[in-house]
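Q: sharing a sequence plus its predicted fold:
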Amino acid sequence: MCRLAIFAALLAVVRPSPGLAQTPPQVSSPPVQAPAQPPAPFPADARVAFVNLQFVFSESEVGKQGQDRLRILNDKLFAGLAARNKDIQGFGEKIKSQQGLIDESVFKSWNNDLQRLQREAQFAQQEAQVQSEQLQQEVLASFEKQILPVIDALRVEKRLHAILAVQSEGGGLTLLSFDRGLDLSSEVVKRLNATK
């Protein structure tokens, strides 16, 4: 399994919202279809199986801890950006309300200050996005480091040729018909949680 496959499968789970300053960033767990209950028995003659990485990330303790780290950082970043935007908005309203009452040089100075504050806010938003993406990369790399040995051990134990990664939504490998026993997602979550 390559790093790109894991990143692609999990980006929908951890990607912050693009307008970091406009709306609170979300680290959401997409609706993930849990494997059928109770899990179907694994076919003895199977040579290939699959794992829904979004399910594993959203249900495992490792994934939940990563989601919490991202949520905490994004909440902190959003709070700072929201406060800055509120200050800028208040300053802009002050300038408008004082426009005819203050000296033209003061008005120009205030407008220059407002433009500077807006540029600084834009830079802060871009920096917040970079910090969020860096932590996202770190969380996914840590998840990959922990999940790959579990998946490989499961492959060896069940004598499989391959274990494929599937996604609940948005692309990836789509299984149109399969034996439910081939879904090893719950088993991976159980083993990943047991490594703690």
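A: That came through fine.
Q: average pLDDT across the lengthiest helix in the chain?
A: The longest helix of the chain (DSSP state H) is helix 104-157. The average pLDDT within helix 104-157 is 93.
Q: identify each buried residue in the helix or strand following it, please.
A: Helices and strands here follow DSSP states H and E; after helix 104-157, the next one along the chain is strand 162-166. Within strand 162-166, the residues that qualify as buried are 163-166, counting by 16 or more other CB atoms under 10 Å. Bear in mind the C-beta positions are built from the backbone N, C-alpha and C, glycine included.
Q: any low-confidence regions in the chain?
A: For the chain, applying pLDDT under 70 flags the ranges 1-37, 168-178, 196.
Q: in contact with residue 76, which residues?
A: With contacts defined as CB atoms under 8 Å, 6 or more residues apart in numbering, residue 76 has no neighbours.
Q: name the element it belongs to?
A: For residue 76, the host element (DSSP H and E) is helix 61-98.
Q: I'd guessed residue 155 sits against residue 164; true?
A: No: judged on CB atoms under 8 Å, residue 155 makes no contact with residue 164 at a distance of 10.7 Å.
Q: anything in contact with each of those two?
A: Joint contacts of residue 155 and residue 164 (CB under 8 Å, 6+ apart) are residue 49.
Q: ok, the residue lying closest to residue 102 once chain neighbours are set aside to residue 84 distance?
A: Among residues not flanking residue 102 along the chain, residue 110 sits closest, at 7.8 Å (CB to CB, 6 or more residues apart in numbering). Between residue 110 and residue 84 the computed distance is 17 Å (CB to CB, to the nearest Å).
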